[in-house]
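Q: Make a model of this:
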Amino acid sequence: MVTTRGGGRKRPEGGIDALGVAFDDDNALANAGLLLSATLAGRLGLERLVDETVRLGRRPGAFSPGRKVMTLVHSLLAGGDSIEDADVLRAGSSQAVLGHRVMAPSTLGTFLRSFSFGHVRQLDRVAEVALGRAWAAGCGPGAAPMTIDLDSTICEVHGYRKQGAAFGYTRVRGYHPMLATRAETGEILHVRMRKGSANSGRGAQRFVRELCGRVRRAGAAGELTIRADAGFWSATVIGACRHHDVRFSITVRQVPAVKEAIAAIPEPDWEPIDYTPGAIAQVAETRYQGMRLLVRRSRRDEPQGELVPDWRYHAFVSDRQGTTRALDADHRAHAVIELAIRDVKEGSGLAHCPSGRFFANSAWLVIAALAHNLVRWLARIGLGLVGPVVAATLRRRLLAAPGRITRSGRRRTLHLPRAWPWAEPFQGALARLRAVSLQI
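A: This is a model prediction of the structure:
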């Protein structure tokens, strides 16, 4: 020990270099805040729901699928993006805050590789029922209008042993899943894994029909609106929306017939709108194949713009009521789905597809979507947050809090760090989640 210049206070010689390290505490655990997500999952009955729904028969890994799915969900919530990352949950007393046995990565890999197309559909059913239960617990839209955004994304992979991975229009090797999200909250309402070579609209009609049915069964009683980009523009998708009495707002491609319709719009019909700085934008409306065709044109705001007009046109068809300005602004808001896609990749493990088998990665996609939604339900029910949230923020503030479990008699206590900045929201969220009561 040495004395500092201030006198009296002492510090160990060598500073932090003299600090010893020992991995020997059986009661310490990382990510103790997973108690919140585990509490909500327990109230929603997710483990039992998986056990009752996913039937692998005599395939390897068929026993107790519920605890395996929940191990993967909590691994993703803890920041994992591969099967091996589940080992973090096996350290210390982590199992005590999860409410289920934590499975080994090797067991989880065997479990995922056992999935076929039909088993992935069973897991889809789990996601649908979980959505309905969460909405019944206070997260649902009820009779209020709900806007649904459709899009697809590329999940990049490397190597030649990924079944179904291929180069698509982006020239990136990977998979090309399709997603539907709730615009107001960022919840993933439906997902479908597709091969990397699939075009944006492949399987879109069936996807829309399944989507409409599942949100109605989950409890959405109000008006539904679907927004999508040009990859989903087709007569079959529009027909599916009409069949299910769903409003639509879908971008159209600049095919010759669309260009002719835009060119026929009288110049006085163009109305100026507020747009990005340094640009001029106007909107107008016409008819195309019996539908409203709303058009936005824009160009840079510069002196040469008057001499050499260079308008860029963006058009979409819609059957919605409202002014041209209002519908154009709402259609532009379709971009919020990119925030949900970013969050499921960076916050729920979809940045990586861990298996070489296509249906194993399909199951991984559904599990990642379930983990993504669990964070949003936790924020809505436990924290009272309305609107999209960022999983990384909640993980840093709540889920990743380190802890230690002590036992006194028959009582166990989870000790979290003193003066943790978000201690009060944590306690409040835990109390509200424990008060959730559902008839399951």
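Q: low pLDDT regions in the protein?
A: Across the chain, residues meeting the criterion (pLDDT under 70) sit at 1-14, 302-309.
Q: Would you map out the domains in it?
A: 28-251+335-434, 256-319 (automatic domain parsing).
Q: Make JSON lines from these and add distance to residue 325 and mean neighbour count to it.
A: Any C-beta I mention is one placed from the backbone N, CA and C, and that applies to glycine too. Listed next are these as JSON lines, based on distance: least, CB to CB, whole Å; neighbours: other CB atoms under 10 Å:
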{"stretch": "domain 28-251+335-434", "distance to residue 325": "14", "mean neighbour count": "19"}
{"stretch": "domain 256-319", "distance to residue 325": "6", "mean neighbour count": "14"}
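Q: Let me know which of the ones you listed is the nearest to residue 19.
A: Residue 19 lies closest to domain 28-251+335-434 among the domains of the chain, at 16.4 Å (CB to CB).
Q: ends of that closest one, how far apart?
A: 23 Å (CA to CA, to the nearest Å).
Q: chain center to it, what's the gap?
A: The chain centre lies 6 Å from the centre of domain 28-251+335-434; the measure is CA atoms, centre = their mean, to the nearest Å.
Q: Which parts of the stretch 51-200 of the chain are strands?
A: 146-152, 155-156, 166-167, 173-175, 178-182, 188-192 (DSSP state E, counting those that start in this stretch).
Q: Give me the contacts around the stretch of helix or strand residue 433 belongs to.
A: According to DSSP states H and E, residue 433 maps onto helix 423-434. Helix 423-434 is contacted by residues 33, 35-36, 39-40, 43, 378, 381-384, 397-398, 401, 416, 420 when judged by CB atoms under 8 Å, 6 or more residues apart in numbering.
Q: Can you add distance to residue 301 and give the strands of the stretch 51-200 of the chain back as TSV?
A: Converted to TSV, the strands of the stretch 51-200 of the chain look like this (distance: least, CB to CB, whole Å):
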stretch	distance to residue 301
strand 146-152	29
strand 155-156	37
strand 166-167	39
strand 173-175	38
strand 178-182	33
strand 188-192	38
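Q: beta partners for residue 226?
A: residue 148, residue 248 (DSSP bridges).
Q: give me every residue that touches it.
A: 147, 148, 149, 150, 208, 241, 246, 247, 248, 249, 250.
Q: Likewise for residue 67?
A: Residue 67 sits in contact with 47, 100, 101, 102, 103, where contact means CB under 8 Å, 6+ apart.
Q: any idea how far it is from residue 195?
A: Note on residue 67: its distance to residue 195, by CB to CB, to the nearest Å, is 31 Å.
Q: Ok, residue 440 next?
A: 36 Å.
Q: cool, and residue 278?
A: 40 Å.
Q: Kindly report the same for residue 95.
A: Taken as CB to CB, the span from residue 95 to residue 195 is 37 Å.
Q: residue ranges of the helices in the stretch 51-200 of the chain, please?
A: 65-77, 94-98, 105-113, 117-134 (DSSP state H, counting those that start in this stretch).
Q: Could you provide those helices in TSV, with additional columns for distance to residue 226?
A: Shown next, in TSV, are those (distance: least, CB to CB, whole Å):
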stretch	distance to residue 226
helix 65-77	28
helix 94-98	37
helix 105-113	31
helix 117-134	17
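Q: what's the closest of these to residue 162?
A: So among the helices of the stretch 51-200 of the chain, helix 105-113 is nearest, using CB to CB, at 13.1 Å.
Q: Quick one: list the elements packing against that closest one.
A: If contacts are counted by 3 or more CB pairs under 8 Å, 6 or more residues apart in numbering; DSSP states H and E, helix 105-113 sits against helix 65-77, helix 358-377.
Q: mind checking which of those is nearest residue 55?
A: helix 65-77 (8.3 Å).
Q: Considering the contacts of residue 67, which is situated nearest to residue 22?
A: Using CB to CB, these come closest to residue 22 at residue 102, 22.8 Å.
Q: ok, the closest one touching residue 71?
A: Yes - between residue 102 and residue 71 there is a contact under CB atoms under 8 Å: 5.4 Å.
Q: where do the contact lists of those two overlap?
A: Common neighbours of residue 102 and residue 71 (CB under 8 Å, 6+ apart) are 86, 89.
Q: Next one: residue 36 from residue 74, what distance?
A: 11 Å.
Q: Mind listing the shared neighbours of those two?
A: Joint contacts of residue 36 and residue 74 (CB under 8 Å, 6+ apart) do not exist.
Q: contacting residues around the helix or strand hosting residue 206?
A: Under the criterion of DSSP H and E, residue 206 resides in helix 204-218. Contact partners of helix 204-218, identified using CB under 8 Å, 6+ apart, comprise 128, 131-132, 135, 140, 146, 148, 150, 178, 180, 189-190, 192, 224, 226, 231-232, 234, 236-237, 239-241, 243-244, 246.
Q: what does stretch 334-351 give?
A: Contacts for stretch 334-351 (CB under 8 Å, 6+ apart): 75-77, 80-82, 149-151, 153, 155, 179, 181, 183, 186-188, 227-229, 249, 364-365, 368-369, 371-372, 375, 388, 390-392, 395.
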